[in-house]
Each structure stands twice: as C-alpha cells, then as structure tokens.
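>>> Got a sequence here, can you model it:
(5 chains, ligands or ions: 4)
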Amino acid sequence: MSELKLHDMGDIILETRGLTKHYGGVHALEDADFILRKGEHVAIMGDNGAGKSTFVRQITGVEQKTRGSIVFDGKEVEFAGPLDAREAGIETVFQTLALADSLDVSDNLFLGREKTMWNWLGPFRRLDYKAMRKDTLAALEKTGVKIPSIRNTIQNMSGGQRQCVAIARTASFHSKLTIMDEPTAALGVQETAQVENIIRTLKEQGEPLILVSHNMRQVFDLMDRIIVFRRGRICANLDIMNEDISGEDVVAYITGAKTGEEYMESAV
Amino acid sequence: MSELKLHDMGDIILETRGLTKHYGGVHALEDADFILRKGEHVAIMGDNGAGKSTFVRQITGVEQKTRGSIVFDGKEVEFAGPLDAREAGIETVFQTLALADSLDVSDNLFLGREKTMWNWLGPFRRLDYKAMRKDTLAALEKTGVKIPSIRNTIQNMSGGQRQCVAIARTASFHSKLTIMDEPTAALGVQETAQVENIIRTLKEQGEPLILVSHNMRQVFDLMDRIIVFRRGRICANLDIMNEDISGEDVVAYITGAKTGEEYMESAV
Amino acid sequence: MADSTEGIGGLKYDKTKRAWPNELNIFFALIAIVLIFEALGQILPYMNGQSMLFDFNTKRDGTILNIARLKIIILQVSIIGIIALGVTQVIISGGIDLSSGPLVGAAAMIVMSFAQTELVNGNPNPKAVFGDWAFDLPVIVPVIVGLSFGAFIGAINGSLIAYTRIPPFIATLGMFLICRGIAQWWTRGQPVSFPTEGYAWLGSGMMPVVWFLMLAVLFHFVLRHTVYGKHTYAIGSNEDAARMSGINVQRHKILVYMIASMLAAFAAIVLSSKNLTAQTGMGQFYELFAIAMAVIGGVSLTGGRGSVVGTVLGAMVFGVIQSGFTYIRLDAFYQLMAMGTIIISAVVLDQWRQKTGKSRS
Amino acid sequence: MADSTEGIGGLKYDKTKRAWPNELNIFFALIAIVLIFEALGQILPYMNGQSMLFDFNTKRDGTILNIARLKIIILQVSIIGIIALGVTQVIISGGIDLSSGPLVGAAAMIVMSFAQTELVNGNPNPKAVFGDWAFDLPVIVPVIVGLSFGAFIGAINGSLIAYTRIPPFIATLGMFLICRGIAQWWTRGQPVSFPTEGYAWLGSGMMPVVWFLMLAVLFHFVLRHTVYGKHTYAIGSNEDAARMSGINVQRHKILVYMIASMLAAFAAIVLSSKNLTAQTGMGQFYELFAIAMAVIGGVSLTGGRGSVVGTVLGAMVFGVIQSGFTYIRLDAFYQLMAMGTIIISAVVLDQWRQKTGKSRS
Amino acid sequence: ETIGATIARFDDNFLTVMRNGMVEHAEAIDGVTIQVEDAADDVAKQLDQINNFIASGVDAIIVNPVDTSATQAMSDAAEAAGVPLVYINRQPVNLDTLPDNQAMVASNEVESGTLSAIEACKLLRAAGLGVVGAKGYIIMGQLSNQAAIQRTKDVDDVVGMDMCNFITIVDRQTSEWSRDKAQDLMANWISSGEDFDVVFANNDESAIGSIQAMKAAGISMEDVVVVGVDATQDALVAMQAGELDATVFQDAFGQGSGSVDAALALSRGEDVPRKVWIPFKLVTPANMGDFLDKN
Ligand SMILES: Nc1ncnc2c1ncn2[C@@H]1O[C@H](COP(=O)(O)OP(=O)(O)OP(=O)(O)O)[C@@H](O)[C@H]1O
Ligand SMILES: Nc1ncnc2c1ncn2[C@@H]1O[C@H](COP(=O)(O)OP(=O)(O)OP(=O)(O)O)[C@@H](O)[C@H]1O
Ligand SMILES: [Mg+2]
Ligand SMILES: [Mg+2]
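Residues are numbered from 1 along each chain as shown, chains lettered A, B, ... in the order given. Ligands and ions are numbered 1, 2, ... in the order given. This next block holds a predicted model:
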C-alpha cells in the first residue's frame, strides 16, 4: 500500500480504494486497491470467476458497489450508471458485448451518440445515416473483420463478428480511459492481430487502458503491468516491463501457488 | 476428393456432401465435403464469419440445410431438430452455450435427460434432485472450474463459469461424436488445461471429436487434422500428424494466401 | 456441502445469506394491506371501530374471528385462482393466455346444458337447451364434457403457438374472440340455468376453495418436482437453449396450454355450479385478473420465473382488497382507483425488497 | 457499396436477395382477405353478385369504386389506429400499455366537460357539468386539457416502469383500473354531451382519417429517422445493452409512455367529437385491439421490431374484416368466431412467409 | 341502518339514473347509509358482493341483477344469512318462490321493445309503406346481455304480427350498446347501397349513433323511422330536432327511490308487497314534454 502512495496524484487516472462487491452471499470482489497511471496499459488476469468482470462493472457504473471508493481523473466519482462513466470519459468493451440484437452494425456502433442533423429538435433530431455508415466502414476496417453487409442485424452475426463490432465501437471514440474485458476471446488469428494493433496505437497515443485477458502471450506482448485476481481479491501486482517475470510465475500467482508480498496479510 | 473416397465406409463416422447453407443473400456455407473417421480428432479453423458455426449448426439439426447430404454412422440422416441429433449420438457444445439462464447448474447439466423416479408418470415423473446434484459436482470437478454454489442460477455466473457448465454437460454423457465450438474461448489458463485433458481422455477412449478453435497451440497439441474454412468454403485439409505443417502454413490457408490443391477449382 | 462456506473449487460463499424468497415479499405486502384496512377501521369515524377480520361484539360463531369475512375473502378469488394456476404455468413457459376468460364463458354455457334438471319446482325446466335425453345426467357427464372442451381449445392454442410460431398473444387473442363467439352462439345468448343437485354440489358453499387449494398443492408439486415443471421453466428461460438441449419444445408447449385451458374449463364448472346458472358474459376480465394474480405473486412475464405459492398469495391480495373495500364502504368510483393503486404498490414493494438483495437487473 | 456483391473484407453477399420486408406479407394478407370477401359476394346466393369494393350498378359517385365502403373501412379503425401508433412505440420499446382503452374513457369525459355549448336547440344544455364559465370555450382549451391529462397519465406509467422497475403489464393494468375509476367518478357516471361547433369539427366526417394518417406519417418518420426512434428500438432489443451504451433508458421510457398516452388522449378527443358525446364506458377493449393491430402489423411483443407502416396495415385488416362482415351480412353470432379465425390466419400467413426467408428463430 | 346495493353496470346510462335515485333518496333519510357496488356485468362478482355485504353485516341488500336467471343463488345466500333483499329493475327468475323477506321492484322488459316497435310500424303504415313494404335494420345491444336479447326478440315478434309483416328485416348486428359502434355499423350498411325505411335500436345511444351516420351520408331523417329505448336526455334532444321518432320511458329514478323504501321497510319487519311493477311508457314528439326533465 505504502509503495503505491508514492506516486504523484496528478499522474494517476484511476484509483480504487477498498472496492468491494457482494452478490448476496457471494463475495465477488473484496477490498480491491488499484491504481492506473496516465498512459499506462495494465492487464487483469485471473481464473474464471475470480472477479475480473465484477471489478470492471463497478468501475463503469453498471452495478453499484457494496463498499469502497473510486477516484477517476482526480475526482472521487459515484457513477449512477454507465452513461455517467462514459460521459466522464471511460470507454468499455464489456464481456457481454452490450449490443442491441435487432439493430444493424452502424446503429450499434453509434448507439447513444448518434450523428445527427436538425439538432434543435432535441430527442427528435434527425439521424445522419449516411455519415454513420461511412464512419462504420472505416471503424470496422481497423479490426480486420469480414462482414457481409453493415445493414445486417447483429443477431445474424457470428460470435467473432459481434465482438469486432463492440471493439470498433470503443475504438472509434476518444476517451480518457479504455477498458476491454476479454476482447479477443472469440476472434480469429487475423482479427486478434488487428485488435492488438489497435491497442498498440492507443499506447502510442498515450491513452491508458485496462485489458482483461486470459492470453499470456498477448499480455506479455502488449502490457506494462499485470494485476492478478484470485477469489475476489487482488493477489499480485507484477511490473513485467521492469522486472524479470515469466509466464510460469504469473500462472503461479493465478493458481495461488504464490502471492504478492504486499498482499500477504489478506491472502485466502 | 478422390483421395477421401479411398477410405472404407465402415471406418467413417460422419460425412457431408455438398453441404450448403444460405441465409437470404448470405452464402454462409458452400458445398462442404467433409469426412470424419472413427476415433479421429479434427480441428476446424478459419476467420471470424468463415462459416464454422454454421457448419456445426447444420450437422446438429439446429438449422435446416439449404442443400447437400449428411451421412452419420453409416446412415443418411435428416435431423429435424437438435433432439434428433442428440438421440443419434451427437453431443455438442454450442458457441452460444445453450443454457437456461434462470435454472441452476445441475438443472442445466441434466436438461432434457433428467434423472427421475416414478417413471410411470410420463411427463409428470418425479425429479431425483439428489442424484443429479451429486453427479453435477463430479462433472464440474473435471473442468476445474470454481463456482460458489451449484444452486446458483446460470445468469449469476461469469462467462467462463458458464462455458464450463456447458462443457461439463457434454462430457458427462457418452456419445458417438462430440462437437465443441470454441469451448475454451472464455476460459482461464487452468480451466483451459483441464478441458484439454478432457479432450485427451476422449481421444484415448477412441471417441471422435470435432473442435472449432482459433487457438493454434491447442490445435497442434491435441488434434490429428485441421480443416480450414474460408468465406463459407473448405479451403484446406491438413494432416498435421503425418505431414510437416507449421503454424505459419495454417495462417496462410486461413488468410487465403494459400489454398489446398484439391480445393483449387472452387477457390474464391 | 451442507453447511460449508466454500463452493466448488474452494470459492468463498456465505451460505447464511441465501436469497430471500420472492414469496415472502408478497406475503408481507398482504399483511401490510390487512393492517392498513384494520387501521382504517379504527380511524374512520363512521366505522365505529369495527374490525375487518375480527368480530368482538357479536361473537356469532363462538369465535372472535369474523368467519364470514374470512370465508368470502378466499371464496371470491378461488375461481379466478384456479385459472391463475394454469396461467402461471403458461407465463412461466414464456407465453401468455388471454383466452381463459372467454373460455370460462363458453365452457360454462356448454357444460351447463348437460347439467340441467328436468323439473324446476315441479314445472318443466324453462331453460332446457336439448331434448329429454340431456336431462338429469350424472354429474360426471358435464364435467367430462367441460374438461374435454378445455383440452380441445388448449390443444388448438398450443398447436398454433408451437407449430406456426405465431405469438401467444395473438393466438390466444384470436381464441378469446372465438370463445366469446361460441358462448354467444351456443344458445343465441340465452342464459342456461337449473342444474342437477349433483352438479350444484361442485361449487356449493366452500367447495370452490377446496378445489382451488387442492389444485394449488398439486401443481406446486408438479412445477417443482417433475420433469414437466422443469421443462416449463427451461423453455421460459431460454427457448432456444431448451431446444438445443433436446427438449421437445413443441409437444411440451401444447401440454402446457392444454393444462391451462382445462383448468379454466374446470373453473367454469365450479363457477356455473356456484351461481346455479351459465351466461354468455361469464368470465369477463378473468384472464386479466388471473394474469395479474400471477404477476403480483412474482411470476415474470418474460418467462422462466415464478411459483404456485406466489400465485396463491397474489390471489389472496385481490381477495383482501375486494373485501376490504366493502368493509370500509369505499365508494365504488374510488374502489377502482384504489385497487389500481394497491396492485401497483404491492408490486413496487416486492420489487423494492428484491433490490436490497441484488442490484443487477 | 451500392451494387457490389461483396461485403466488408470481401465476403460474398448477394444483394438481390435482400430480406423481404415484413410489411409486404401483411399487405398480401390484406389483399387475400379482400379477395375472399369479393369471392363470397359472388358465391353466396343472397348477395346477388354484389361486390365489396366496387359498385358497377349505380355509379353514384361517377366512379366504379364503392367510395362509401372505402371510407368507412378506414374511418372505423382510425381512432383505435391513433392509439395503435402509440402502442406500437411502447411495444417496440419492450413494454406494453393496457391503460390506453380506459384512458380514452377518462379523457373523453374530462375533455367533453370543457367543450360544452351553453344552448342546445335553443334550450339550456341539460348535461352541463360545470357552471357558466365552462361553456363555449375555444376548441383549444379542451384539446390542451386532454393532451395534458394524457401526458400526466403517461408520465406516471413511464416513471413507475422506469424507476421502480415493475413490469409494464402491472403498471398499466393498475392505471387501467385507475382510469376506469376516474371516468366513472368525473360525473358520477352521467354521460356528457353537446359540444361546441369547433369541437364537433375535430371528429366530423373524414377528419379522424386525416388525423390518423397525418400522425402515422409523422411517427413513421420519427421512428425511422430520429434519435428517439433509434433509442426506442435499442431499448426494446436489449435494455441492458442500451443502458451500457450510455442511453438514458429511464428518461426515454417516460417519453415513450407519455407520447403513447397523449395519442390515446387525442384519440379520445376525436372519438368524443365524432360521437358528440362522452360516456364512461368509451374505449372498452380499445387497448386490446390497438395491441392486436400492432402485432398483426409485425410489431414483436418481445420488443425491438416493428414499424408504423405495419401497424397501419394491421389496422386496415380490422377495417376490412368489420366492413366485410356487414357486407356479407354474417350472422352477429358468428362474427366473433370469424374475426378470431381471420386474425390468427393473417398472422400465420405472415409467419409462414417469413420462414421461407430465414429458418432460424 | 346500512343498505348494500349492487348494480349490474355503472357504465349504463339508464342504470346510472336509477342508481342516482337510490343514493339521493337514501341520503335524504336520517340514519341511513347506502353503499353501491358495481357488478361490472359479472354474475359471479355480484354474488360475491352480496356475500361481502353479509360479512359486513348490512341491514338490507338491493340487487339489480346482471342476469335474471342467476338470482336463485343470491336469494339463497341472503336467506341463509337472514338479510332482507330487494330486486330492482329486472324480474328475477325465482319470483314465485321468493322468501318472505325478499321483494321485487321491476318492469317487464317485454314491453320496452314491443312499444317502440309497434310505434315504428304505425308510423310506416301512416307513410303508406304498408302496401309497398318496408325494409329495416335492427341494432342490437351487447349479445351477452339479456335485455338486448329480449328487445331484439320483441322486434321480431312485432314484425311477425299480421299488422306489421310488411316490414322485412334486412340485417341485424350488434353495436354493444355504444353510439360509436352504431355509427360505424350504420355507415357500413349505407355503403352496401341498400335502401331502408326503419331502424330498430335496442337503446337510444345506438339510435343516435345511427342517426349521426345517416346525417353524415346525407340521408334525410324525414324518410327514415328510427326508434330506440330509454328516453335519455340526448334522445329527447334528438327527438326535438325531429330525428328520433320514438323511444320508451321507464321511471329509473322512481325505481331507485322505491327500492330503497322497500328495503328499509323489510329490514324493519314491515309488510311490503312482494311485486311492484313499473310500467314502460312510449315517448313520441307528441308527449315528450312530459319526460324532458325526468331521466
Ligand atoms: N449477478 C450476480 N449474482 C451473483 N453472483 C454473481 C453475479 N455476477 C457474478 N457473480 C459471481 O461473482 C464471481 C465473479 O464473477 P466475474 O464475472 O467477475 O468473474 P470473472 O473473473 O470475470 O470470470 P471470467 O474469466 O469467467 O469472465 C463469480 O463467482 C460469479 O459466479
Ligand atoms: N441467422 C443468420 N442470418 C444471416 N446471416 C447469418 C446468420 N448466421 C450467420 N450468418 C452469417 O454467416 C456467416 C458465417 O457465420 P458463422 O457463425 O458460421 O461464422 P464462424 O465461422 O462461426 O465465425 P466465428 O469464428 O466468429 O464464430 C457470417 O458472415 C454471418 O454473418
Ligand atoms: Mg469476466
Ligand atoms: Mg462461430
């Protein structure tokens, strides 16, 4: 804990203190202290059910936390819903993708921030389909996915195609923080490579990112740091850029064979 | 084609001839000729939207094919629905998982083949919850997943936990053919290893298997043969056990840089 | 596993915090409504401190409970309650049944014409529908006719929904109109009265309550502990998953709608027996109230969730409200408004209690 | 992209096989129904070869079309059609509105009491509700009162559904009862008649049709081409996804229910103007028929799918059926059965056409 | 003393006037409270309401039966609890076997339809159609309602009489008592191009609806005979305007107050005539002045 405090606050984009979430009797997330610096790319790893997505859902306001506090961009925040989080500048690819099944690709890409005309009409302002379709093609290009027609509805897409739409959506808008929950799980070899390129671009642009992933190679290739979750608790904070850490080490942390020093007292 | 014909028919568990599926204007699957021998483990690879899941859905009767024929276990079959396919002996893990959200783990595991008492009551025969819960614990053990309680409903589970339930279901029942559509996509490192063990066990027991996967390492570790799909067509049939084929070769087939000789004439 | 605090794979799990059952919420709502009525009885000046459920002054029945009130509270919802048992199953399976109300009217008309006596007060039955052969039949005949009619209508509903895949709302709305038509056409709108003694017994006194509770216990067991029940929940929860898991969804749906319609037809038998008459307008709005009872009792209209216990409690809410209104002599205009408000509040209360348990939709 | 046969990433895609629009199916069903009636006109002996839509003998209006019939076909569904436009939006957003029928009754009563004349045939208005001040008000007053009342009821519906998360079925069923109560309480059940000339104009002649079609065009544009429309579809398609995408789901739902209730209130204005009276029982079953029109027109009760064009065609189906029945002089006792059968058949036909296009549920 | 009353429908204009008669009369008497319930056209609900009244210990019950063949069970329930009961407006099926503390204040529904139909027949004969023949439509009330069935049958009986058999009924359909549906129905009939001379409506609202549709189609109301039942104020205004030709009056208000008196008398153990008949009266432009401020 004390070590983390050393950093200059101005340097930090996201910090959680004692973040906790219980679902009835299930302690899905327990006392998570987490820090993300500006421009940093951090991976979250851990077993299935370790609480990774739960952590993401608390930060993005999808659920209301049981306990703890979240400081984003210097201010303590209480997001009432995902809308608040997005307005604060957090873009997220959720594990459940959050796509509207009966809408088409470009509708989904711009959901909640449509390009419009006649803006004086308030909620009844007119959609600019042409502009949106054009931008959609460009955004999809980046992910390398193949889709028969962007007019097809999401329900007619393959698992990987859906995931690419969700990623394209997040990648199309500038943000202060990007979160991706297992973005390449359903992707093919080529598409995965493309998405990894997108992540690299973000890194170059200095945009911070949290990546939840089970893919060891991906994490070592792209990330600066690994946070390991186990049974709802953070159990390791591994600086893979500077320290000499191998894949086996990470697996040891994930399985519980090892625990990070500073997390010893709360170990399970 | 001619090469495939050499095999003794008695040796073949599944054969498709000219299997085709169009969704309106989308040609998702085109003239797929496929053969699976008894005891053989075959991988299906290909880009997102290449038609892999579509192929699986035609074989398992989830959808009705546009054209072509399917021969299973020596007989030409026309499955009206997944029930028929299961009764014929095909167990499947679908990409969409096919779990009932508001039921609990053991209910889902035994869905459609519950353990019962008082069987003379027909549809009103009594469920044997105790026996089912016991077997559920055993089946989940095999996948190595962590779940707070098997009485939890599926909607409260993480993505990986769900996938493990679906795999446990398929692995619990003996079958003539097992099909898994991206079974380890959402799984953690440990769980993936366990599921790969399950697949190895099937191999030892001589049960044939079709595995759809994007994971090159997994495929090379576990499978006998790779079938590559591109744009709805089979474009390669690679015997990785006997021939010297590298991961780069497979990627070349997937991306279309290369095409299998026998598939040249229909190449796109 | 019994008392451990660890799940599979050693995950921490606090068993003492098991989910609060839905049914308890609605039970508390019920108690709250009773208490409000009792309080109103004390507060309202013109009520002279009367009590709704107790009867301190007269002790008519040798008990301080107002037995007549307790009886009517449950008696008046028993018949719709029987329908609600079937509707509960339909909704759990992800469907809806709008035809149950008109089916009651049609079934009552048809059944009653097989349950007539020859002589009324010594005179020939003035409401005779058929000739001599249809007089003084044993009570089993009208009951079988009624249940068969119900099964037939239910089979049509179910087959339409299962095989042609039209929305249940439309299939049963069509059947709604057809059944109203049948009811009016059967005797060209004339009511049918004067049943045999045997038939009159079926709905006499507290018999409707007996039927209701017996059927409730039966279907509670069926939904919780049989394959039929499990598949009903599975189909409502995710029909595609159920199909892919190898459930014969079509056959099952037909069964569900048949059972629901047979229950509605049985309700028609009890209803016409209780009222000693059948008329074409019988059962109007019953479908809405049956659905409302189920939903108040926690049955989810998106399918897959709900229970018979909840529906029985939902029915009791209506019984208490209706009796309570007469008890505090609420003006009929305000009754409708108050009933609407109470129904909404009961469900809001239920929803609010659930939220404290889990916050994800 | 215009005419290519390749999608993104070079995937083969046959553009000529674009999905067959849903609305065409229901249009064909409509034509089929008309043809059946025309055929019956030729076949049934007592019809003397009359035609339903044509009028070869008299040429009353200098055209071979039976103008009077064409007018009544659409006139008689215009008012419920206006409600159906609102209901369409509610259902697309994944909800349901049962309160629209009773809301018509309540709004008509309230509105009419602000639209009365002072003198009827030279005598004082025998149905006066308020004192002198409420006579001969400009037509804008009752209209604004009505729309405000609708907006108010809709806001309550919407807020309950958005904030307390109770099922729309229950919220609007509660409002159903409350509105019926309001209608009966307003004048204690007395009908209110004799509106001013200005008010009487609103629903006179073919005005209901004009309103219906104007509103249909307006809301067709709104649903297809505005943010409001897109969000309505998104919420109905996947509410969680819509919320996670940053749509203000709660505010949007309130808006949807407000618009629906304002349309119902406007229907009440047109209806009472057309009939020159308001009665407590007005609007009975309108909610069911409005929903049926929408569903027949292809609006999916699970939300996310449907269109105004479909709903207008769905309304036309009802218009044709109703006129057709009088035209072939079908016995009133068979009408309900026939109507039920036709509704089911229309949707079955629609479903069957869709299947040929795609086979996955 | 407390009286419980249950009315077949609150949505019915005629029954509303009757109900108001009950309430106003009861409120004028000291120490009497009346509670009126709406049976919403549901026999079963009506029986439950009676049982609720019994549970609340009312002193007398007034029933306006939804369905006159359903009264046996109601009489039984009241008798078992020893509560006096008065039927109003509609004649119960068990009239002859009513227990001692039960009575009836009602009219004979047969009269209503017959009076207006005969008047229509007379008017048509006077117009000289008796020789050439006349065509007519019947607009029926709700088909599930007994009064609708009875009034339609009355018209059939009149048309079956020698004096009136020059009238042929072209078609009969239901407007479910409503003005709006009657309007649409008439517009549909007009669109078939068939000429007609008379419209028999089961109630005034339907008659007015058909008049509105005919006026909209440019048909002169001089040429068509329209008759209804109820003598509502709207109907009398239409009659003033020369559009409606005949309707039938029933003293709704008087029935209402009479039933309260009977109920109070029974609860005090006084003697009450078992049956009180309230006759229907024909209303035509000639005598309409007598009824203007009645219903
Ligand atoms: N709504 C809920 N109600 C109850 N328990 C829940 C709920 N959501 C998640 N859980 C439980 O909380 C734990 C953590 O879930 P979470 O989704 O965060 O896992 P995860 O680390 O993202 O796993 P995966 O890698 O499989 O996605 C799991 O044990 C899960 O069963
Ligand atoms: N119901 C449907 N209607 C229309 N098009 C469909 C439908 N289902 C799938 N498709 C299209 O068919 C193609 C093949 O889809 P399929 O699901 O088989 O891909 P896949 O190879 O399994 O991809 P992934 O690796 O992403 O799962 C895709 O382009 C998809 O958009
Ligand atoms: Mg997760
Ligand atoms: Mg796939």
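>>> Not counting sequence-adjacent ones, nearest residue to C:M112?
C:A278 (3.7 Å; CB to CB, 6 or more residues apart in numbering or on different chains). Any C-beta I mention is one placed from the backbone N, CA and C, and that applies to glycine too.
>>> In contact with the one you found, which residues?
C:A278 makes contact with C:108-109, C:111-113, C:191-193, C:268, C:272, according to CB atoms under 8 Å, 6 or more residues apart in numbering or on different chains.
>>> Quick check: it vs A:T170, distance?
Using CB to CB, to the nearest Å, C:A278 is found at 64 Å from A:T170.
>>> One more: E:A55?
64 Å.
>>> Show me the strands in chain E, by range?
E:2-7, E:33-38, E:60-63, E:85-89, E:102-106, E:134-140, E:167-174, E:198-201, E:225-227, E:247-249, E:275-277, E:281-283 (DSSP state E).
>>> For the second one, which helices and strands make contact with it?
What it means is strand E:33-38. If you count contacts as 3 or more CB pairs under 8 Å, 6 or more residues apart in numbering or on different chains; DSSP states H and E, strand E:33-38 packs onto helix C:332-357, strand E:2-7, helix E:13-28.
>>> hmm, try it at 6 Å
helix C:332-357, strand E:2-7 (3 or more CB pairs under 6 Å, 6 or more residues apart in numbering or on different chains; DSSP states H and E).
>>> same for the shortest one, what does it pack against?
Think strand E:2-7. Strand E:2-7 makes packing contacts with strand E:33-38, helix E:43-56, strand E:60-63 when contacts are defined by 3+ CB pairs under 6 Å, 6+ apart.
>>> and it, which strands flank it?
Here strand E:2-7 has these sheet partners by DSSP bridges: strand E:33-38 (parallel), strand E:60-63 (parallel).
>>> Just the CA coordinates for the longest one, please, in CSV.
The reference is to strand E:33-38. Presented in CSV, the C-alpha positions along strand E:33-38 are these (Å, rounded to 0.1, in the frame of the first residue of the first chain):
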residue,chain,number,x,y,z
THR,E,33,-76.2,4.9,4.7
ILE,E,34,-76.1,3.2,1.4
GLN,E,35,-73.2,1.6,-0.3
VAL,E,36,-73.4,0.9,-4.0
GLU,E,37,-71.2,-1.6,-5.8
ASP,E,38,-70.6,-2.1,-9.5
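>>> average model confidence for it?
Strand E:33-38 shows a mean pLDDT of 90.
>>> and that strand with helix C:332-357, angle?
Calculated by axes from the mean of the first three to the mean of the last three CA atoms, to 10 degrees, strand E:33-38 forms an angle of 70 degrees with helix C:332-357.
>>> Can you point out the buried residues in strand E:33-38?
E:34-38 (16 or more other CB atoms under 10 Å in any protein chain shown).
>>> Could you dump these into TSV and include distance to A:C235?
Below are the buried residues of strand E:33-38 laid out as TSV (distance: CB to CB, whole Å):
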residue	distance to A:C235
E:I34	76
E:Q35	70
E:V36	72
E:E37	68
E:D38	67
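>>> Find the nearest non-adjacent residue to the closest residue to chain E within the stretch 101-250 of chain A, please.
Residue of the stretch 101-250 of chain A nearest chain E, by CB to the nearest CB: A:F124 (32.1 Å). With sequence-adjacent residues excluded and distances taken as CB to CB, 6+ apart, A:F124 is closest to D:T226, at 4.7 Å.
>>> circling back to that earlier point, and the strands of chain E as a markdown table, adding distance to B:V56?
Output for those, formatted as a markdown table (distance: least, CB to CB, whole Å):
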| stretch | distance to B:V56 |
| --- | --- |
| strand E:2-7 | 65 |
| strand E:33-38 | 60 |
| strand E:60-63 | 68 |
| strand E:85-89 | 71 |
| strand E:102-106 | 75 |
| strand E:134-140 | 61 |
| strand E:167-174 | 57 |
| strand E:198-201 | 67 |
| strand E:225-227 | 71 |
| strand E:247-249 | 74 |
| strand E:275-277 | 81 |
| strand E:281-283 | 79 |
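>>> mean pLDDT lowest for which of those?
strand E:275-277 (a mean of 86).
>>> quick one: that strand to chain centroid distance?
16 Å (CA atoms, centre = their mean, to the nearest Å).
>>> Report the buried residues of that strand.
Buried-residue list, strand E:275-277, by 16+ other CB under 10 Å: E:V276.
>>> just stretch C:38-54 next, same as before
Buried, per 16+ other CB under 10 Å, within stretch C:38-54: C:38, C:40-41, C:50-53.
>>> Turn the helices and strands packed on strand E:33-38 into TSV, including distance to ligand 1 and mean neighbour count.
What follows is the helices and strands packed on strand E:33-38, written out as TSV (distance: least, CB to the nearest ligand atom, whole Å; neighbours: other CB atoms under 10 Å in any protein chain shown):
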stretch	distance to ligand 1	mean neighbour count
helix C:332-357	10	20
strand E:2-7	50	25
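>>> measure A:S106 to ligand 2 for me?
A:S106 sits at a distance of 15 Å from ligand 2 (criterion: CB to the nearest ligand atom, to the nearest Å).
>>> what's around the closest residue to that residue other than its chain neighbours, how many residues?
In this structure, A:S106 finds its nearest non-sequential neighbour in A:T136, 3.9 Å apart by CB to CB, 6+ apart. Neighbour count of A:T136, defined by other CB atoms under 10 Å in any protein chain shown: 24.
>>> E:Q250: neighbouring residues, count only.
Each residue near E:Q250 was counted by other CB under 10 Å, and the total is 25.
>>> For it, list the residues it contacts.
E:107, E:280 (CB atoms under 6 Å, 6 or more residues apart in numbering or on different chains).
>>> Quick check, pLDDT for it.
86.
>>> what do you get for C:Q354?
64.
>>> got it, and C:T63?
70.
>>> what's the neighbour count on it?
Look at C:T63: counted by other CB under 10 Å, it has 11 neighbours.
>>> What's the biggest helix in chain E, counting residues?
Identified as the longest helix of chain E according to DSSP state H is helix E:109-126.
>>> Can you check what angle separates that helix from strand E:85-89?
Using the same axes, to 10 degrees: helix E:109-126 against strand E:85-89 is 10 degrees.
>>> where does the stretch 151-295 of chain E come near ligand 3, residue by residue?
Taking CB under 5 Å from the ion, no part of the stretch 151-295 of chain E reaches ligand 3.
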